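> got a structure for you, letters missing:
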């Protein structure tokens, strides 16, 4: 599994996205298109960036009854996205249906959001226990359901690899440069630490998109994470 840095393109319009990408010239980063941009521009924004030669992680976190997710995944497959996801909390039946709809592509399950800490998980989501144990158990269910990997914080990668195998993909948001602001993220680490921990992909948003020099920030991520 090759490592890569995925830029979270959390913009609210095509114009802002294209203006951002134009700064990179011939560099073609792996892009994450999430709900904000997808809901603003629809499927056409995916077609546009794919036409321009970018790889796309479509981050919509589907979570619904199995039949709805299966049919939705079939639609997303037609967009030729390189990676997409569902919420692992949707159950193994839902994830198996997602796999049927999406085919053989890189399909991953979201475990616990990196904005969620253990106390919130215990007190508000009403899941008892340690967050790392819960995330690992989700990962095992994701693998048993036929998906390719999980979205998790870098803090859980080592145990997930031990439980699910080194080829089980880990996609880790919650990445911040050393000394950077955490924002609303709670389970975070640096690109360099994510490399040492064994993450396959890191997802980096504001440290790149809100940087005074996004290209330099992206190159820093690549250097620290990939070398």
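In hand now; what should we look at? This one's a predicted model, so the numbers in the text were calculated from it and none came from an experiment.

> In the chain, which helix is the longest?
Among the elements of type helix in the chain, defined by DSSP state H, the one spanning the most residues is helix 131-144.

> For that one, what does the pLDDT average out to?
Summarised as a single mean, pLDDT over helix 131-144 is 97.

> by contact count, what packs against that helix?
For helix 131-144, the helices and strands in contact under the criterion 3 or more CB pairs under 8 Å, 6 or more residues apart in numbering; DSSP states H and E are helix 92-102, strand 106-110, helix 118-123, strand 149-151, helix 157-164. Yep, even glycine has a C-beta here, placed from its N, CA and C like the rest.

> now the ones you listed in CSV, with mean neighbour count and distance to residue 30?
Supplementary listing: the helices and strands packed on helix 131-144 in CSV, determined by neighbours: other CB atoms under 10 Å; distance: least, CB to CB, whole Å:
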stretch, mean neighbour count, distance to residue 30
helix 92-102, 21, 18
strand 106-110, 24, 11
helix 118-123, 14, 29
strand 149-151, 27, 14
helix 157-164, 18, 18
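
> Select, out of those, the one closest to residue 213.
strand 149-151 (27.7 Å; CB to CB).

> Note down every partner strand of that closest one and its orientation.
strand 106-110 (parallel), strand 169-172 (parallel) (DSSP bridges).

> same for whichever helix or strand comes after the shortest one, what does it pack against?
Right, the one you point to is strand 169-172. Proceeding N to C from strand 169-172, the next assigned helix or strand is helix 191-197, under DSSP states H and E. Under the contact criterion of 3+ CB pairs under 8 Å, 6+ apart, helix 191-197 touches helix 157-164, strand 201-204, helix 214-225.
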